[in-house]
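> I'll drop the sequence and a predicted model, then ask my questions.
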Amino acid sequence: MSDPGTILSIGFARPGELVSSVLSIADHFGERDGFDHWVFVDRARTNSMKEDRNKATIDVAHLLLEEGVIDRLIVRDENYGTARNVVESVTSVLSDRSHVFVMEDDLTLAASHVNASRKLMSFLGRDGVAAYSTYVNRNSSTNPLFTSRRFSSQAWGTAKYLWDDFDLDAVRRHPWSTALERETRRLLGSDFPSLWRSFVAGSLDSWAVPWNMHNFLSGRVCLYPNRSMVNSVGHSQTATRTAGVFFKHDISHEPLELDYEILKPSQFDSYITTYSRAKRAKRQLRSKLANLAWW
């Protein structure tokens, strides 16, 4: 690759969390020499419940820019929504950089994250690896690295040549069949078909579901370490859609040390059990109970 890449942070209506996330990147990303850091903040709709917090997020993002903590700030002039904002943000970064590492504002890096992105980035394009993530749900893998057909939207990275053929609308038009439903249920998780139908119907504003489907149809996989190097507060009451939705994850206390030039990751198909319909229903129930307690 001709350049190390860009760290892309996504913000919306969590000013404190955005600051914590950005500062954790400054402290624990490791490869800041050469990597620049961009922040994109979507605009809340006028008179929405999120408008005040969105304005506060924009204000702190400007402060981070003024203090030199980040290198570039893009604030949308209208509400883009989740899918459009993320897709256009990643596409914008990759218009002149070869690699992007994406962090949403509900994530903070652990100290063990140092230099992990550079090491995992070296696998892109090898053995069908189209993306990597340094956030991983609790799992039983004993290998330092594994791959899964299920892609992560948490603390993930990809390369320009792997992203450029992703077309949100083209994926939406892909024919659905009983055979495809059976395969996605088996290899992506039993919750995936219902997510896909919601995305196609327009009731789920997601970039991650079509991105996963795009890579599934292309025979590609996502690379993970066996322990997370990222903390998530996406289940907190400041979350836009995921308050109370908690995924268990174990934080690695050691940096990723491996001979990544010769190591071949293992395929770990059972990782998708985290995404079963039954476990999703339990997480949604906990979310509803948390929201009731909050109010």
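The structure has been received and is ready for your questions.
> Around Glu88, count how many other residues there are.
Using other C-beta atoms under 10 Å, Glu88 has 16 other residues around it. Bear in mind the C-beta positions are built from the backbone N, C-alpha and C, glycine included.
> Then Asn226?
As a burial measure, Asn226 scores 19 neighbours (other C-beta under 10 Å).
> ok, now Ser194?
Look at Ser194: counted by other C-beta under 10 Å, it has 14 neighbours.
> Going by secondary structure, it is in what exactly?
Secondary structure assignment for Ser194, by DSSP states H and E: helix 192-201.
> Return the angle between stretch directions for whichever helix or strand comes after that helix and helix 192-201.
On the C-terminal side of helix 192-201, the closest following helix or strand by DSSP H and E is helix 208-217. Interaxial angle, helix 208-217 versus helix 192-201 (axes from the mean of the first three to the mean of the last three C-alpha atoms, to 10 degrees): 120 degrees.
> pLDDT (mean, whole number) over the helix holding Ser194?
Average pLDDT, helix 192-201: 96.
> same deal with stretch 29-45?
88.
> Now it: buried residues?
Residues 29-31, 35-44 are the ones in stretch 29-45 that count as buried (16 or more other C-beta atoms under 10 Å).
> can you tell me which of these are in strands?
Asp36, His37, Trp38, Val39, Phe40, Val41 (DSSP state E).
> will you turn these into JSON lines that also has distance to Tyr224?
What follows is these, written out as JSON lines (distance: C-beta to C-beta, whole Å):
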{"residue": "Asp36", "distance to Tyr224": "25"}
{"residue": "His37", "distance to Tyr224": "23"}
{"residue": "Trp38", "distance to Tyr224": "24"}
{"residue": "Val39", "distance to Tyr224": "25"}
{"residue": "Phe40", "distance to Tyr224": "25"}
{"residue": "Val41", "distance to Tyr224": "28"}
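> from these, which is closest to Glu183?
Taking C-beta to C-beta as the measure, Glu183 sits nearest to Phe40 out of these, at 33.9 Å.
> Which stretches in the stretch 51-200 of the chain count as strands?
For the stretch 51-200 of the chain, applying DSSP state E, counting those that start in this stretch gives strands covering 72-75, 99-104, 107-109, 129-133, 145-148, 156-159.
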